[in-house]
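give me a model of this one.
(chains A and B)
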Amino acid sequence: AQSVTQPDIHITVSEGASLELRCNYSYGATPYLFWYVQSPGQGLQLLLKYFSGDTLVQGIKGFEAEFKRSQSSFNLRKPSVHWSDAAEYFCAVSEYGNKLVFGAGTILRVKS
Amino acid sequence: GAGVSQSPSNKVTEKGKDVELRCDPISGHTALYWYRQSLGQGLEFLIYFQGNSAPDKSGLPSDRFSAERTGGSVSTLTIQRTQQEDSAVYLCASSLEGNQPQHFGDGTRLSIL
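Prediction:
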């Protein structure tokens, strides 16, 4: 069965600092990979996705993620964090791009 | 407003009652999903509708849970004889096709007293 691990429950970064959120997945083949963001009381917003091709994918709000097959990882990065980026971030995988299996989430706090 | 719409946004009910949660997907989206988000279990897949195919019910936690999608559009998730462990946020998502990115609604927060 597929599983997703987000090892960091909470992360605090200073505004303007760089960010990396970790995601590891367990699956035999290369799954569809996603990062979503959730602000309090709201649904999930898609940041970016990887299906195939270039392993470095660009998303919205200045985020990017890199798929590394050898490490079964799909880490999310942003070079300079803004206070508005404070939210909870979810990594998700899907075998066929439909049913999503989510990680436990990482709560990002941005300090000024 | 072209997003996924869910109603009600909040629902409080007594243990043992039945509840219905509604989802209006984005127009033209053929795939519709229900997920549950709870403190103890995180985000879990419940059920998936794709066009006229039989739904994938593999995530439904018990036979008290059911869902239907009428006319390939609106969907209703029904929970019968609610239990306290059903308290959660129920999220609906839709996508153009089954392997396309999913767009989520803001969810229905269900509280069982």
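
when you work out contacts or count neighbours from here on, use the C-alpha atoms and nothing else.
Fine.

and the end-to-end length of stretch A:42-62?
The first residue of stretch A:42-62 is 21 Å away from its last residue (Cα to Cα, to the nearest Å).

from chain A, how far out is B:D86?
Per Cα to the nearest Cα, to the nearest Å, B:D86 is found 18 Å from chain A.

I'd assumed B:L113 was in contact with that residue.
No: contact criterion Cα atoms under 8 Å: B:D86 and B:L113 do not qualify, at 10.3 Å.

residues in chain B within reach of chain A, list them.
Residues of chain B lying near chain A by Cα under 8 Å from any Cα of the partner chain: B:33, B:42-45, B:48, B:91, B:98-107.

thought B:V19 was touching B:Q83?
No: applying Cα under 8 Å as the test, B:V19 and B:Q83 come out as separate, 11.0 Å apart.

residues in contact with stretch B:55-74: which ones?
Outside stretch B:55-74, the residues that touch it by Cα atoms under 8 Å, 6 or more residues apart in numbering or on different chains are B:22-25, B:27, B:30, B:44-49, B:51-52, B:75-82.

can I get it in CSV? Just the C-alpha atoms.
C-alpha atoms of stretch B:55-74 as CSV (Å, rounded to 0.1, in the frame of the first residue of the first chain):
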residue,chain,number,x,y,z
PRO,B,55,-18.0,4.4,-7.7
ASP,B,56,-14.9,3.3,-5.9
LYS,B,57,-16.1,2.9,-2.3
SER,B,58,-13.0,1.4,-1.0
GLY,B,59,-12.4,4.2,1.6
LEU,B,60,-15.8,4.2,3.3
PRO,B,61,-15.2,3.2,6.9
SER,B,62,-18.4,1.4,7.5
ASP,B,63,-21.8,0.6,6.0
ARG,B,64,-23.2,3.6,7.8
PHE,B,65,-21.6,5.7,5.1
SER,B,66,-23.0,6.0,1.6
ALA,B,67,-22.8,8.5,-1.3
GLU,B,68,-24.5,9.1,-4.5
ARG,B,69,-24.0,11.4,-7.4
THR,B,70,-27.0,12.4,-9.4
GLY,B,71,-26.9,13.3,-13.1
GLY,B,72,-23.1,13.3,-13.0
SER,B,73,-23.0,16.5,-11.0
VAL,B,74,-24.1,17.1,-7.4
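
any idea how far that stretch is from the chain center?
Distance, stretch centre to chain centre, for stretch B:55-74: 8 Å (Cα atoms, centre = their mean, to the nearest Å).

list the contacts for the residue positioned nearest the centre of chain B?
Geometric centre of chain B, nearest residue: B:W34, 3.4 Å, by Cα atoms, centre = their mean. Going by Cα under 8 Å, 6+ apart, B:W34 touches B:F45, B:L46, B:I47, B:Y48, B:Y90, B:L91, B:C92, B:A93.

please name the nearest non-neighbouring residue to it.
Distances taken as Cα to Cα, 6 or more residues apart in numbering or on different chains place B:C92 nearest to B:W34, at 4.6 Å, with adjacent residues excluded.

in this structure the one you found contacts B:Y35, no?
Yes: under the criterion of Cα under 8 Å, B:C92 makes contact with B:Y35 at 6.2 Å.
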